[in-house]
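Asks: Need the 3D shape of this:
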Amino acid sequence: MKMHITEQALNNVTVPAGKDKLVVFDQEQTGFAASITPKGTMSYVIVYRNAQGKQRQEKIAAVGSVSANAARAMARTQLASIAATRGETLAPRRPSCPTVDTFFFNTYLPVLKNNGRQHSAHTSIYRNHVQPVFGQRRLDEISTQDIVAFNTHLREKVVAGGRWQKQSSKPLAEGTVKRVLILVRHLFNEAIKAHGNVVRQNPTHTLKLTSERKVKGRFLTKSQLCALLKAAEASSNVHLANILRVMGTTGLRRENVLAMQWAWFDAERGTLTVPAEADKARKGFTLYLSGDVLGLLRKLQESAEGPWVFPNPKTGKPYYSCYDAWVTACNKAGLPGLRMHDLRHTYASMMLESGSDIVDVQRALGHTQLKTTAVYLHLTEGRKRARADAAAQATGLFA
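Replies: All right, here's what the predicted structure looks like:
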């Protein structure tokens with residue numbers, strides 16, 4: 001076991017059951033360690049090999065009688081003296097570099113949290129894919145060849161069971177592989193920037209991790225939206241139709257609409273401000289509402305009795321998903337398998353097709369980067385080209 005030895009760190013160490021003692025080695029000084037017994041007796045020691053090559057251990061002092069820094073200095077002196085008696089010189093101490101586990105949990109995750117970014121997904125990806133392979137290795141021990149081998153390993157890895165039981169025999173999706181490798185790339189980028197680390201280059205640099213983003217889902221026509229709205233109006237969920245209207249004409253994410261609060265709504269300015277804590281990008285953004293949506297929200301506000309725009313009548317709190325009512329309405333409208341998120345895609349594509357500037361679409365969707373919105377440009381161009389091809393074929397001039 002290795003760590004940066006301090007009294008506080010040693011007090012948190014537990015000797016595994018069945019062991020008569022545990023030796024904890026220092027990450028900074030080679031040969032310096034602490035010996036801990038199950039009863040809690042702790043001593044600073046040096047560990048070295050004698051002239052015959054046999055390992056020896058000598059006590060320096062009891063933990064608590066001297067500071068860890070003083071014991072480290074004493075160990076350095078004694079080890080140098082032992083080496084000198086054999087006509088040797090101590091090898092230069094390898095610069096301290098944490099393990100991938102230590103750096104991820106002690107440095108990388110706090111950086112994510114301080115930047116206001118979601119970290120649960122990063123932690124899940126790390127625990128499931130990165131930690132089993134690299135967790136106990138030091139950052140400066142991982143080479144480009146290791147990363148290439150890791151890339152191959154991920155592409156051959158099959159999906160685990162649990163919630164993904166139906167796909168457990170399939171290999172990891174291309175998107176999943178790239179997310180794992182991008183996490184590793186970001187991890188090393190932070191390690192290079194971190195003060196005191198010896199990592200100088202990113203071993204993932206040989207991998208090409210950028211690709212054209214594709215929008216998954218369906219894009220509805222005006223007639224399909226009308227059929228869906230008609231089915232929603234007949235739903236047992238009294239809010240479903242209005243939820244659909246707001247989602248379909250603002251492009252807001254499902255979670256923002258379901259958890260919408262009256263505090264976000266400014267009836268005089270005609271705006272809706274999604275705060276940073278409710279925004280996926282953790283930055284917050286403001287939407288200027290169309291006249292129809294503004295009128296709807298003003299009307300709903302007149303009879304509002306709580307902080308939520310769409311409270312569940314059974315709980316008084318926001319809906320979690322409206323799943324059953326949504327599926328019933330989609331099936332009734334002849335749109336099985338439709339996702340609520342598809343309304344967001346539909347809104348973005350219709351904005352562009354109606355002549356809106358891509359920057360306006362970016363702001364409406366709350367995207368932090370224009371390249372995220374740009375995917376809809378390719379989609380719109382594709383649909384226009386498809387219509388042009390259909391019209392050309394209809395003429396029969398190229399038959």
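Asks: From here on, just use CA atoms for contacts and neighbour counts.
Replies: OK.
Asks: pretty sure Val24 contacts Ser35?
Replies: Yes: at 6.5 Å, Val24 and Ser35 qualify as touching, with contact defined as CA atoms under 8 Å.
Asks: which neighbours do these two share?
Replies: Shared contacts of Val24 and Ser35 (CA atoms under 8 Å, 6 or more residues apart in numbering): none.
Asks: Break the protein into its domains for me.
Replies: As assigned by automatic domain parsing, the chain contains the domains 2-85, 100-193, 222-391.
Asks: who wins for proximity to Thr206 among these?
Replies: Comparison of the domains of the chain against Thr206 by CA to CA identifies domain 100-193 as nearest, at 7.4 Å.
Asks: re the thing from before, need the domains of the chain in CSV (columns: mean pLDDT and distance to Lys208).
Replies: Formatted as CSV, those follow (pLDDT from 0 to 100; distance: least, CA to CA, whole Å):
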stretch, mean pLDDT, distance to Lys208
domain 2-85, 89, 34
domain 100-193, 85, 9
domain 222-391, 88, 18
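Asks: Now do the contacts for Gly31.
Replies: Taking CA under 8 Å, 6+ apart, one finds 25, 46-48, 75, 79 in contact with Gly31.
Asks: just the strands in this protein please.
Replies: Counting by DSSP state E, the chain has strands at residues 2-3, 22-26, 32-36, 42-49, 55-62, 265-266, 271-274, 285-288.
Asks: Show me what the fourth one pairs with in its sheet, parallel or antiparallel.
Replies: According to DSSP bridges, the neighbouring strands of strand 42-49, each with its direction, are strand 32-36 (antiparallel), strand 55-62 (antiparallel).
Asks: any idea how far the closest residue to Pro38 other than its chain neighbours lies from Pro98?
Replies: Nearest residue to Pro38, sequence neighbours excluded (CA to CA, 6 or more residues apart in numbering): Val15, at 5.6 Å. Val15 is 22 Å from Pro98, where distance means CA to CA, to the nearest Å.
Asks: now swap in Asn331 and tell me
Replies: Taken as CA to CA, the span from Asn331 to Pro98 is 54 Å.
Asks: coming back round to it: find the one among the strands paired with strand 42-49 with the highest mean neighbour count.
Replies: strand 32-36 (a mean of 25; mean count of other CA atoms under 10 Å).
Asks: Would you pull up how far it lies from the middle of the chain?
Replies: Centroid displacement of strand 32-36 relative to its chain, using CA atoms, centre = their mean, to the nearest Å, is 37 Å.
Asks: who touches it?
Replies: Strand 32-36 is contacted by residues 5, 15, 21-26, 42-47, 72, 75-76 when judged by CA under 8 Å, 6+ apart.
Asks: what's the neighbour count on Gly217?
Replies: The number of residues packed near Gly217 is 15, by other CA atoms under 10 Å.
Asks: what's the nearest residue to Asn237 if we skip its chain neighbours?
Replies: Asn237's closest residue in space is Ala325 (CA to CA, 6+ apart), at 6.3 Å.
Asks: Test my guess that the one you found contacts Ala234.
Replies: No: Ala325 is beyond contact range of Ala234, at 10.1 Å (criterion: CA under 8 Å).
Asks: The two: which is more packed in?
Replies: Ala325 (16 against 13).
Asks: I'd like the distance between Ala61 and Thr41.
Replies: Separation of Ala61 from Thr41 (CA to CA): 12 Å.
Asks: try Ser235
Replies: From Ser235 across to Thr41, the span is 70 Å (CA to CA).
Asks: And Lys222, by the same measure?
Replies: On the measure of CA to CA, Lys222 and Thr41 end up 76 Å apart.
Asks: what does Asn128 give?
Replies: 37 Å.
Asks: Measure how buried Gly337 is and give me the count.
Replies: 11.
Asks: How about the contacts made by it?
Replies: Here Gly337 is in contact with 327, 330-331 (criterion: CA under 8 Å, 6+ apart).
Asks: out of those, who's nearest Val180?
Replies: Val327 (32.5 Å).
Asks: Contacts only, for that closest one.
Replies: Per CA under 8 Å, 6+ apart, neighbours of Val327: 336-338.
Asks: and if we set it to 10 Å?
Replies: 333, 335-340 (CA atoms under 10 Å, 6 or more residues apart in numbering).
Asks: If any of those are buried, put those into a PyMOL selection.
Replies: Command for PyMOL, covering only those of the contacts of Val327 found buried under the criterion 16 or more other CA atoms under 10 Å:
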select buried, resi 333+335+338+339+340
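Asks: and of the contacts of Val327, the nearest to Tyr319?
Replies: Met340 (13.5 Å).
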